[in-house]
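Asks: below are the sequence and a predicted model; questions follow.
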Amino acid sequence: MTLFLDARIPVRFGALSEAGPDSALLIEGEDALPASRAAAGFTMPVVATGHPAGCACCAPRTPVCQALSRLFLARARGDAAFFRDVVAITVTAAGQEAVLRALIDDPLVSAWFRLADARPESR
């Protein structure tokens, strides 16, 4: 039997009320972020940047990738309270798709974070 431990931080979609005490927040929009916990915000760009091919040399990292990177670095440096998971609070379908794309496509984000299982985690 082979056992596998995925140490990446799980990201799940939800509302602020669903965030546990050890959850960080990834919030779509320009509202103020809560100071009581680790949180990062992102806004969807109005116009896409880079050329259509979107090669790695000229396609900038998305706002979601930048926000998740800020969260991870704050956790690693001790600048934020240790968190066990991230609750992504999105308000648009494009925001939800951007979070999913970041978890799948960005090499750094996918090394640090993963989409949470549908089943609740035991703590």
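Replies: It's in.
Asks: in this structure residue 18 contacts residue 87, no?
Replies: Yes. In this structure residue 18 lies within contact range of residue 87 using Cβ atoms under 8 Å: 6.2 Å. For every residue, glycine as well, the C-beta is placed using N, CA and C.
Asks: between those two, which one's more packed in?
Replies: residue 87 (24 against 11; other Cβ atoms under 10 Å).
Asks: I'd like the next helix or strand past the lengthiest helix in the chain.
Replies: As assigned by DSSP state H, the longest helix anywhere in the chain is helix 63-77. Remark: after helix 63-77, the chain's next helix or strand is strand 85-89, criterion DSSP states H and E.
Asks: direction included, what does that following strand pair up with?
Replies: Using DSSP bridges, strand 85-89 pairs in its sheet with strand 9-13 (parallel), strand 23-28 (parallel).
Asks: how about stretch 74-91: buried residues?
Replies: Residues 74-75, 80, 83, 85-90 are the ones in stretch 74-91 that count as buried (16 or more other Cβ atoms under 10 Å).
Asks: in CSV: those, plus distance to residue 40 and pLDDT.
Replies: Listed next are the buried residues of stretch 74-91 as CSV, based on distance: Cβ to Cβ, whole Å; pLDDT from 0 to 100:
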residue, distance to residue 40, pLDDT
74, 8, 95
75, 11, 95
80, 9, 92
83, 11, 95
85, 14, 96
86, 9, 97
87, 12, 97
88, 10, 97
89, 11, 96
90, 13, 95
